[in-house]
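Participant: pasting the sequence and the predicted coordinates here, then a few questions.
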Amino acid sequence: MTAAVTAAVTDALPALVLLLAAGAVPGYLPLVVAIVGAAALVAYLSHRAGLVPIVGFLLAGVAIGPHALGLVSDSAAIEAAADVGVLLLLFTIGIEFSLDRLARIRSLILVGGGLQVGLATAVVAGLCLAVGVDWRAAVFTGFLVALSSTAILTKLLADRAETDAPHGQAAIGLLIFQDLAVILMVLLVPALGGQGVTGMELAWALAKAALLIAAVLVVARRVLPPLLEHVARTCSPELFLLTVVAICFGTAYGVGLAGVSISLGAFLAGLVVSQSRFAEHALSEILPLQILFSAVFFVSVGMLLDVGFLLANLPLVLAAVAALAAVKLATTWAAVRAVGRTAPVAAASALLLAQVGEFSFVLERAGREAGLTPLGMSELGSPLFIAATVLSMALTPALAPLAGRMAARRRPDVLPESDDDAVPDAAHFAHLADHVIVAGYGAQAEALADALATAGVPFAIATLSPGGARAADDLGHPVLRGDYTRQPILDAVGLGRARVLVVADDAPGTAHRVVSVARALAPHVRVVATAPTAAAADTLRHAGADHVVAAPHEVAASLHRAVLDAARDATPSPRGGGSAEGGDGGDSMRMTAPPATAPPMTAPWIDLDVPVSLALRPDAGCTHGAHIHAVLPGTQGCAECLAAGERWVHLRVCMSCGHIGCCDSSPGKHATAHYHATGHPVVRSIEPGETWGWCYEDEVEV
């Protein structure tokens with residue numbers, strides 16, 4: 001047998017060699033290997049050198065581009081992959097930037113963005129006219145300089161968890177208007193180049209864009225949430241991912257047909273998805289693709305740089321970078337101040353927007369086709385513009401930490417980070433395992449820490465508040481000063497080894513981000529959060545919190561009980577998993593029941609004289625609605641557990657006869673046992689505040 005196999009392999013080797021010699025390797029593979037390999041290598045070297053990955057990707061593009069090593073020559077394929085990267089990046093930003101948040105910064109978008117684009121265009125055009133540039137080329141150059149890099153800034157703000165910060169919101173608002181302004185600029189470029197564009201054609205194009213955007217927003221409210229709900233119920237990750245990608249690219253394509261920027265279309269698609277309670281699920285599915293293609297985008301930008309031209313004209317290029325930065329700093333600062341933002345926020349926003357953006361490359365190509373060049377220089381204009389733009393992009397990541405510290409000057413309760421990429425020393429917390437992490441340190445967190453210490457439960461505190469950190473130190477609690485919305489901080493306090501994460505932050509936006517990040521990093525960790533309102537509580541549940549305490553007068557007691565129950569659970573389970581009922585759901589806290597010798601429990605909230613009802617949702621998929629009735633509870637607790645003097649975790653009521661039984665996280669599983677004994681198919685949770693039900697026959701939540 002061995003001899004036969006050896007002979008077969010020997011006979012096949014010549015054919016294999018001939019196949020390889022004939023070029024069996026696909027033509028696109030060297031291109032892919034060059035891009036991905038160079039990006040990974042240079043990004044690693046950049047990381048070791050203390051640079052952010054974006055700079056590494058830009059340097060990788062410079063290295064493999066046609067003006068350096070020349071490893072990549074198919075620019076069309078690179079541009080296509082880069083376009084996909086921009087679309088996915090803006091789609092993910094749209095998911096995190098909901099319509100409600102967009103409405104809150106409408107003055108920044110309309111007034112601030114309009115002022116910034118208008119001022120930058122006017123200032124650059126005026127300077128060009130002063131040195132004798134034709135007015136058409138002067139206005140065209142103003143268009144190029146007015147735009148900033150949406151791809152770079154949204155990536156930086158997301159990585160630094162500053163999208164919700166005042167300067168982050170200001171930057172996002174101005175970027176959104178810039179993307180809208182691209183529509184008008186693209187339409188005006190042919191007219192500036194001498195091609196006829198009537199006012200009616202311009203008005204119709206803008207009207208189409210406005211109508212399409214309005215249609216997208218209507219779909220966001222009415223169509224997409226139930227669609228994603230239906231797809232998610234299939235429990236097929238492949239189908240869910242394909243649906244999300246189809247929404248992203250389909251919306252971008254449809255918006256592009258109306259003459260609107262496809263990147264803006266991708267952002268709008270993200271806003272559509274953000275209206276669904278599956279927004280975080282969609283974000284986690286799409287993120288790996290976004291990271292890959294965004295890297296290709298930054299590599300493609302680096303490939304545009306002509307290193308020979310840069311070295312030969314370095315003083316001129318540096319002067320151009322300084323000039324465009326000065327214009328962007330002044331006009332952005334004035335625009336943000338005009339809408340009532342503080343001077344530190346305006347200065348931080350100006351630093352972030354001090355570069356030229358990727359859509360300027362699109363405009364530059366359109367201008368060349370119409371006979372326009374930057375500064376009116378036919379030979380020198382385009383390479384000078386590209387070199388100055390790539391350099392300004394490469395410098396932006398270095399300015400982001402400075403912008404964050406500048407914006408924090410008026411926030412004494414927050415510690416500015418001296419080094420955004422520094423990973424905190426985790427040695428002080430390396431001994432912790434099966435512990436509780438408390439994110440935030442206010443009055444409720446302080447009381448919780450005392451309760452954990454008294455109960456002998458190991459815990460660690462992460463906080464940005466200097467006063468809170470000092471107070472925790474004084475009490476001898478283990479505390480880490482840092483932004484607990486970021487992965488390095490959570491890793492440093494041992495999120496992967498923890499049993500419970502308590503999010504005790506009063507700001508709903510920050511709490512939402514912490515819950516989302518923690519759920520993605522450590523699905524096994526139980527997440528308990530506090531919320532100031534019922535609406536905020538719903539948002540945190542959708543983000544992945546297992547238990548949310550929202551009633552202000554019951555926060556302390558409820559929070560302590562929930563955390564201690566979860567911390568003492570010897571067998572923590574992933575969220576929503578394990579129950580044959582399928583109904584312990586996102587709000588349940590699983591814990592080991594005390595021994596049978598413990599005194600019997602009762603559930604005083606159950607009123608034996610008040611009927612319990614269950615509203616069957618039309619889309620629930622349950623075919624046993626005839627078995628659902630308004631029933632009177634039979635006992636104030638699990639009937640079997642009360643008789644045996646045992647305890648339970650959660651209670652369920654049979655919607656056929658009113659029997660009260662314990663859930664499948666309880667030792668007895670008496671609700672399920674009742675179903676097997678009687679065939680009554682539907683139960684409802686009778687826990688305070690819970691109204692969901694479960695059909696055993698159809699295995700669906702109702």
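Facilitator: On my side now, so go ahead. Numbers count the residues shown, from 1 in each chain.

Participant: pop the domain breakdown of the protein in here.
Facilitator: In terms of domains, the chain is parsed into 34-410, 428-567, 625-701 (source: automatic domain parsing).

Participant: okay, those domains in a markdown table with mean pLDDT next?
Facilitator: Output for these, formatted as a markdown table (pLDDT from 0 to 100):
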| stretch | mean pLDDT |
| --- | --- |
| domain 34-410 | 78 |
| domain 428-567 | 78 |
| domain 625-701 | 85 |
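
Participant: in a markdown table: these, plus mean neighbour count and distance to residue 607.
Facilitator: (C-beta placed from N, C-alpha, C; glycine too.) Shown next, in a markdown table, are those (neighbours: other C-beta atoms under 10 Å; distance: least, C-beta to C-beta, whole Å):
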| stretch | mean neighbour count | distance to residue 607 |
| --- | --- | --- |
| domain 34-410 | 20 | 31 |
| domain 428-567 | 20 | 19 |
| domain 625-701 | 20 | 8 |
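
Participant: please identify which of these is closest to residue 610.
Facilitator: domain 625-701 (7.8 Å; C-beta to C-beta).

Participant: would you state the strands of this protein in chain order?
Facilitator: When assigned using DSSP state E, the strands of the chain occupy the ranges 436-439, 459-463, 479-481, 500-503, 526-530, 547-549, 651-654, 660-662, 682-685, 693-695, 700-701.

Participant: now the domains of the chain in TSV, with distance to residue 602?
Facilitator: What follows is the domains of the chain, written out as TSV (distance: least, C-beta to C-beta, whole Å):
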stretch	distance to residue 602
domain 34-410	35
domain 428-567	16
domain 625-701	5
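
Participant: tabulate the strands of the chain in CSV, adding columns for distance to residue 451.
Facilitator: Compiled in CSV, the strands of the chain are given as follows (distance: least, C-beta to C-beta, whole Å):
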stretch, distance to residue 451
strand 436-439, 10
strand 459-463, 10
strand 479-481, 16
strand 500-503, 11
strand 526-530, 13
strand 547-549, 14
strand 651-654, 25
strand 660-662, 26
strand 682-685, 27
strand 693-695, 33
strand 700-701, 33
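
Participant: indicate which one of those strands is closest to residue 218.
Facilitator: When the strands of the chain are ranked by proximity to residue 218, the top entry is strand 700-701, at 28.9 Å, counting by C-beta to C-beta.

Participant: elements contacting that closest one?
Facilitator: With contacts taken as 3 or more C-beta pairs under 8 Å, 6 or more residues apart in numbering; DSSP states H and E, strand 700-701 sits against strand 693-695.

Participant: hmm, who's touching the strand it packs on?
Facilitator: Contacting residues not belonging to strand 693-695 are listed as 581-583, 614, 616, 620, 622, 624, 628, 652, 655, 681-685, 700-702 [C-beta atoms under 8 Å, 6 or more residues apart in numbering].

Participant: residue 305 contacts residue 63, doesn't it?
Facilitator: No - when contacts are counted by C-beta atoms under 8 Å, residue 305 is not listed as touching residue 63 (10.2 Å).

Participant: quick one: the residue nearest to residue 109 when sequence neighbours are not counted from residue 477, how far?
Facilitator: The shortest distance from residue 109 to any non-neighbouring residue, by C-beta to C-beta, 6 or more residues apart in numbering, is to residue 173 (4.6 Å). For residue 173, the distance to residue 477 (C-beta to C-beta, to the nearest Å) stands at 39 Å.

Participant: thinking again about what came up before, I'd like to know which of the strands of the chain is closest to residue 313.
Facilitator: Smallest distance to residue 313 across the strands of the chain (C-beta to C-beta): 46.5 Å, for strand 479-481.

Participant: name the helices or strands packed onto that closest one?
Facilitator: Using 3+ C-beta pairs under 8 Å, 6+ apart, strand 479-481 sits against strand 459-463, helix 466-474.

Participant: dump the ones you listed into CSV; add distance to residue 137 as well.
Facilitator: As requested, these are exported to CSV (distance: least, C-beta to C-beta, whole Å):
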stretch, distance to residue 137
strand 459-463, 54
helix 466-474, 53
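
Participant: how about the ones you listed, which one is nearest residue 405?
Facilitator: Distances from residue 405 to each of the helices and strands packed on strand 479-481 were compared using C-beta to C-beta; the shortest belongs to helix 466-474, at 14.7 Å.

Participant: how about the helices in the stretch 451-600 of the chain?
Facilitator: 466-474, 487-492, 508-521, 534-543, 555-567 (DSSP state H, counting those that start in this stretch).

Participant: got the angle between the third one and strand 526-530?
Facilitator: By that I understand helix 508-521. Orientation note: helix 508-521 sits at an angle of 180 degrees relative to strand 526-530 (axes from the mean of the first three to the mean of the last three C-alpha atoms, to 10 degrees).

Participant: next one: helix 508-521 to chain centre, how far?
Facilitator: Mean C-alpha position of helix 508-521 versus that of the full chain (C-alpha atoms, centre = their mean, to the nearest Å) differs by 10 Å.

Participant: do the same with stretch 307-325
Facilitator: Mean-position distance between stretch 307-325 and its chain equals 36 Å (C-alpha atoms, centre = their mean).

Participant: what's in contact with it?
Facilitator: Counting by C-beta under 8 Å, 6+ apart, 62, 67-68, 124, 127, 145, 354-356, 383-385, 387-388, 391-392, 395 sit against stretch 307-325.

Participant: and stretch 474-487, by the same measure?
Facilitator: For stretch 474-487, with C-beta under 8 Å, 6+ apart as the criterion, the contacting residues are 160-161, 415, 417, 424, 428-429, 432, 439-441, 449-450, 453, 459-464, 466, 469, 472-473, 488-490, 492-493, 510, 513-514, 517, 521.

Participant: one more: stretch 628-635?
Facilitator: Stretch 628-635 has contacts (C-beta under 8 Å, 6+ apart) with 606-614, 616, 642, 653-660, 682, 686, 693.

Participant: nothing else from me, thank you.
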